[in-house]
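1. I would like to see how this sequence folds:
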Amino acid sequence: MEQFAHALADFVRAHEAWAAPIVFLLAFGESLAFISLLIPAWGALVAIGALIGVSGISFYPVWIAGGLGAALGDWVSYWFGYRYKEHVAQMWPLSRYPELLPRGEAFVRSWGVPSIFIGRFFGPLRASVPLAAGIFEMPYWSFQAANFVSALVWSAALLLFGDVIAKIMEWIWRVI
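-> Residues are numbered from 1 along each chain as shown. Below is the predicted model of the structure:
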């Protein structure tokens, strides 16, 4: 995964115009229930965030692209759960992780709408909470409000984390 993030960051450094579309796709995949279990993309998002300050890539288009990609991934997961209900647990790759859906269900039932916001920031919950929200028919507009707000905050947090790490490393490099 580290090699993937490094290669992607190198590509974005060389082709800055592709930063926003790539971040959109990475955030979408990271938030989509099935894909995020196979290819965690948060490392690549942090690596691209590190390029923002040092390469002159504009933060806002990349941030919005990440937020929209994450929100769309969660919306698709919600729809999939709403549409296929209990059958989702038998589908691959979720069938390989039988504990994820019950954890997501318990979390959604305990926390309600805030579970969407909280779940976005915790690895395996990020994949299962929107799916569980759809399965258990969380009200659509409540889900979407939490989904879009949390997606924008999550996108900003990852990108800014990478940017801050890059600035700290640059400062350390100058001092040493």
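
2. low-scoring stretches of this protein, by residue?
-> Residue ranges of the chain with pLDDT under 70: 1-2, 5, 37-38, 93, 124.

3. Can you tell me which helices and strands the lengthiest helix in it packs against?
-> Assignment by DSSP state H gives helix 140-175 as the longest helix of the chain. Contact here means 3 or more CB pairs under 8 Å, 6 or more residues apart in numbering; DSSP states H and E; on that basis helix 140-175 packs against helix 19-31, helix 42-55, helix 59-84, helix 114-119, helix 123-135. Using the backbone N, CA and C atoms, a C-beta is placed for each residue, glycine as well.

4. Buried deepest among these, which one?
-> The densest packing among the helices and strands packed on helix 140-175, expressed as mean neighbour count by mean count of other CB atoms under 10 Å, is seen in helix 123-135 with a mean of 26.

5. Can you give me the separation between the closest residue to residue 114 other than its chain neighbours and residue 56?
-> Once flanking residues are discounted, residue 114 sits nearest to residue 146: 7.1 Å by CB to CB, 6 or more residues apart in numbering. Computed as CB to CB, to the nearest Å, the residue 146 to residue 56 distance reads 34 Å.

6. Also residue 174?
-> 19 Å.

7. returning to what we had before: rebuild the helices and strands packed on helix 140-175 as TSV, extending it with distance to residue 161.
-> Formatted as TSV, the helices and strands packed on helix 140-175 follow (distance: least, CB to CB, whole Å):
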stretch	distance to residue 161
helix 19-31	14
helix 42-55	6
helix 59-84	12
helix 114-119	18
helix 123-135	15
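
8. Just give the nearest non-adjacent residue to residue 101, would you?
-> residue 89 (5.2 Å).

9. thinking again about what came up before, between residue 146 and residue 56, which has more neighbouring residues?
-> Neighbour comparison, residue 146 and residue 56: the larger count goes to residue 146, with 24 against 8 (by other CB atoms under 10 Å).

10. List the contacts of the more buried one.
-> 113, 114, 116, 117 (CB atoms under 8 Å, 6 or more residues apart in numbering).

11. Kindly recompute the last result at 10 Å.
-> Contacts for residue 146 (CB atoms under 10 Å, 6 or more residues apart in numbering) come out as 74, 112-120, 129-130, 133, 138.

12. any idea which of the residues you listed is the one closest to residue 46?
-> Residue 46 lies nearest to residue 120 out of the contacts of residue 146, by CB to CB, at 15.2 Å.

13. That closest one: neighbour count?
-> 25.

14. so how far is residue 96 from the residue nearest to residue 101?
-> 11 Å.

15. which one of these two has more residues nearby?
-> residue 89 (16 against 9).
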